[in-house]
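>>> What follows is a predicted structure for the sequence shown.
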Amino acid sequence: MSKSCKGLAAELVKCLSESDCIKVEKRSFRECVGEKSPCIPSECVGLRETYFNCKRGQAMLDLS
């Protein structure tokens, strides 16, 4: 994984750690990362999409 993806991963973990999904509902990070409910802030959803796109882009570079 490139350094840019690692930075996005860290931001995503921080964002989700502060979300109601983890703090209030006491769910695991793995459960919350795939969640689409209102307990995930739109900022986290945006970070998740950006992170997954980054990983996808890196995988495509590895195939070339």
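Perfect, thanks for sending it. None of the values given here were measured: they were computed from a predicted structure. Numbering: from 1, shown residues only.
>>> In terms of secondary structure, what does the helix or strand harbouring residue 9 contact?
Using DSSP states H and E, residue 9 sits in helix 3-17. Applying 3 or more Cβ pairs under 8 Å, 6 or more residues apart in numbering; DSSP states H and E, one finds that helix 3-17 contacts helix 29-33, helix 42-63. No exception for glycine: its C-beta is placed from N, CA and C like everyone else's.
>>> What residues sit buried inside that helix?
Along helix 3-17, these residues count as buried under the neighbour rule (16 or more other Cβ atoms under 10 Å): 5, 8, 12, 15, 16.
>>> pLDDT and distance to residue 40 added to the residues you listed, as a markdown table?
Shown next, in a markdown table, are the buried residues of helix 3-17 (pLDDT from 0 to 100; distance: Cβ to Cβ, whole Å):
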| residue | pLDDT | distance to residue 40 |
| --- | --- | --- |
| 5 | 91 | 20 |
| 8 | 93 | 16 |
| 12 | 94 | 11 |
| 15 | 95 | 9 |
| 16 | 94 | 7 |
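>>> ok so, going back, for the helices and strands packed on helix 3-17, give me JSON lines that also has distance to residue 22, mean pLDDT and mean neighbour count.
JSON lines is the format used below for those (distance: least, Cβ to Cβ, whole Å; pLDDT from 0 to 100; neighbours: other Cβ atoms under 10 Å):
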{"stretch": "helix 29-33", "distance to residue 22": "6", "mean pLDDT": "89", "mean neighbour count": "14"}
{"stretch": "helix 42-63", "distance to residue 22": "10", "mean pLDDT": "85", "mean neighbour count": "13"}
